[in-house]
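>>> How does the following fold in three dimensions:
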Amino acid sequence: MTSRWRLLAAVALAAASLACGALSGEPNRELARLIERLSSPNLNWRRRAAAEFSTNAWYARAAAPQLIKALSDKDPQVRKSAMYAMQFLREKAMPALPIIIKATGDKDGNMRWAAIGALNRIGAGARPALIKALKDENPYVRLGAGRVLGAGDPRVESVVLKCLVHRETKVRGYAAHLAAGAKPHGKALVKALLKVLKDPSASVRSAAVTALAAAAAAEKCPFRAEVVDGLFAALRDEDRWVRCRAVRVLKGLAKKALMKAATRDRAVKGLVGALADEHHDVRSAALWALIEIEKRPEKAIKLMTVGLADKHREVRDAAVCGLGAMGPRAAETLPALRRAMKSDPDFEVRSHAATAVWRISGKAEEVVPALTAIIGEEKAVDARSSAILTLRKMGPAAHAAVPALIRVLEKGAPYTQSHAAYALAAIGPKAKAAVPALKKLLKHKNFTLRGAASTALKAITSPEPKSPPEVF
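Modelled structure (predicted):
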């Protein structure tokens, strides 16, 4: 027998002996140590042991009785870790079912989620106790049980309806979040959610908007018209985040073509109205939504042209990106984009405007100087990266930017230097002036940068590839 086969035989024998030891009940030293420490008077030991069990399924299942006992530990951190470990026990956690269900009403949100996760894993055996918990006096316990049972259960819907008018804001918000998962959304639930759009809490109203969007997104929703009317009303909410949420859900419904033509036109009209919102977050979200759902090029161009004149950079940025995506169809906006490319106060808007001009006109020579100027702005990190990426896409047409890219190689962060190296690789043999700077980077401590420099050198120094023969 050769030495190689002897080695393989030895490995197989060792594995077999370990398996036999495990089957014969040989104690695992690490497991025994953790079990011992879980009941230690030393608090730090108990915490560390419980934390270890919460991340190791095999250990947790082997120490099920000890972990169930740890659910009653005096220390909340130990109890929480033990609760997270319950998800690994599955049916073995049944003896702890009353404690787990009670924990769904804990003040600590992480404890509640850990308990819900454990109940989800226990399976059908927990169902009778969960149904009973729907009548618990603690609203969090009722909602936690409802989350596990599923919001589509009629009994759960009854709990949600009551909690939507609870005096505590967190309970109402929890109920609204749970309502989003209902399938189908009954008439009573939809009416209740429409009323929640007037809740004093913005977070609760936002959750209600999400739940109503889920109701309207169902294939067969007899209340879609009423829901969409409620979402239109949310576009005028006093809180900007609620208005943003309404914009996004209306966009989602319009993209899925779930609305009738007339309703869809109303949605577009509502989003156009949001372009005049007092807050830039809402205006920006509305413009992005219209860019995605407006199918008429002339209408989309008109809306984005309005966005170009907005006072906030995020809205202008959305407008230039949208126009660039339209390509040659947006040729009429080139004068405005050229102005933005040269004089917009925000460098990132300038960079994206230059990219848009190139995409629309196809002329690199008028765009490269503007991108080169942006690359020279060391403080404009995102704008520089965006400009370099555009130069990379241009390929050999961006050869005039080689001196600026060399300066980035000589003085710049590794991330930006890598971008510059790849841009030089795309330019190819016309970037021979960058060879000395690239060779220096081959000794850089950053592995990614060394790889980018190597790729660029190969692309620059290799002979220009011949055009492939025509295939007939």
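>>> doesn't L143 make contact with E168?
No. Counting by CB atoms under 8 Å, E168 sits too far from L143 to count as a contact (11.2 Å). C-beta: built from backbone N, CA, C; applies to glycine.
>>> quick one: L143 and A175 touch, right?
Yes. Here L143 reaches A175: they are 6.1 Å apart, a contact under CB under 8 Å.
>>> if I look at these two, which residues touch both of them?
Contact criterion CB atoms under 8 Å, 6 or more residues apart in numbering; residues shared by L143 and A175: 159-160, 163.
>>> Would you mind giving me the PyMOL syntax to select the buried ones in those?
Entered in PyMOL, the line below selects the buried ones among the shared contacts of L143 and A175, by 16 or more other CB atoms under 10 Å:
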select buried, resi 159+160+163
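>>> The shared contacts of L143 and A175 in helices, which ones?
Judged by DSSP state H, the subset of the shared contacts of L143 and A175 located in helices is 159-160, 163.
>>> Where does the prediction get shaky in the chain?
In the predicted model, the chain carries pLDDT under 70 at residues 1-27, 257-259, 463-472.
>>> Return the member of the shared contacts of L143 and A175 nearest to K256.
For these, the residue nearest K256 by CB to CB is V160; the value is 24.7 Å.
>>> Grab the nearest non-local neighbour of R384.
Of all residues beyond its chain neighbours, the one nearest R384 is I375 (5.5 Å), with distances taken as CB to CB, 6 or more residues apart in numbering.
>>> cool, G376 as well?
A404 (6.4 Å).
>>> Quick one: neighbours of the residue nearest to R384, just the number.
26 (other CB atoms under 10 Å).
>>> Determine the three-state secondary structure at R167.
Per DSSP: H, G, I helix; E, B strand; the rest coil, the local secondary structure of R167 is coil.
>>> OK, contacts around it?
Applying CB under 8 Å, 6+ apart, we find R167 in contact with no residue.
>>> any idea how far it is from A133?
Using CB to CB, to the nearest Å, one obtains 21 Å as the distance from R167 to A133.
>>> Same question for V435.
When distances are taken as CB to CB, V435 and A133 turn out to be 72 Å apart.
>>> And these two? Which one has more around it.
Neighbour tally, V435 and A133, criterion other CB under 10 Å: the higher count belongs to A133, 26 against 14.
>>> Give me the nearest residue to that one, chain neighbours excluded.
Excluding the flanking residues, the one nearest A133 by CB to CB, 6+ apart is A145, at 3.8 Å.
>>> Run through who's touching stretch 359-367.
When contacts are defined by CB under 8 Å, 6+ apart, stretch 359-367 is touched by residues 323-328, 330-331, 333-334, 337-338, 341, 354-355, 357-358, 390, 394, 397-398, 400.
>>> List buried residues within these.
Burial by neighbour count, judged by 16+ other CB under 10 Å, picks out 323-324, 326, 330, 333-334, 337-338, 341, 354-355, 357-358, 390, 394, 397-398, 400 from the contacts of stretch 359-367.
>>> Next step: these restricted to helices.
With helices taken from DSSP H, the overlap with the buried ones among the contacts of stretch 359-367 comprises 323-324, 326, 334, 337-338, 341, 354-355, 357-358, 390, 394.
>>> ok, A340 to A246 distance?
The spacing between A340 and A246, counted by CB to CB, is 29 Å.
>>> So for those two, which sits in the more crowded spot?
Between A340 and A246, counted using other CB under 10 Å, A246 has the larger neighbour count: 31 against 26.
>>> residue contacts, that one?
Residues in contact with A246 (CB under 8 Å, 6+ apart) are 209, 231-232, 234-235, 237.
>>> picking up where we left off before, dump the shared contacts of L143 and A175 to a markdown table, plus distance to A70.
Compiled in a markdown table, those are given as follows (distance: CB to CB, whole Å):
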| residue | distance to A70 |
| --- | --- |
| V159 | 30 |
| V160 | 33 |
| C163 | 31 |
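>>> Identify, from the shared contacts of L143 and A175, the entry nearest to L275.
Among the shared contacts of L143 and A175, and counting by CB to CB, the member closest to L275 is V160, at 35.2 Å.
>>> so who does the closest one touch?
Counting by CB under 8 Å, 6+ apart, the residues that V160 touches are 143, 146, 151, 175, 178-179, 182, 189.
>>> try 10 Å
Shown in contact with V160 (CB atoms under 10 Å, 6 or more residues apart in numbering): 142-143, 146, 151, 174-179, 181-182, 188-189, 192-193, 211.
>>> where does the residue nearest to G376 fall, phi/psi-wise?
phi -70, psi -40 (degrees, to the nearest 10).
>>> same thing with A60?
phi -60, psi -40.
>>> you'd agree it is up against M83?
No. Proximity of A60 to M83 does not meet the contact threshold set by CB atoms under 10 Å, at 11.3 Å.
>>> Residues that sit against both of the two, list them.
Going by CB under 10 Å, 6+ apart, residues that sit against A60 and also against M83 are 54, 67, 93.
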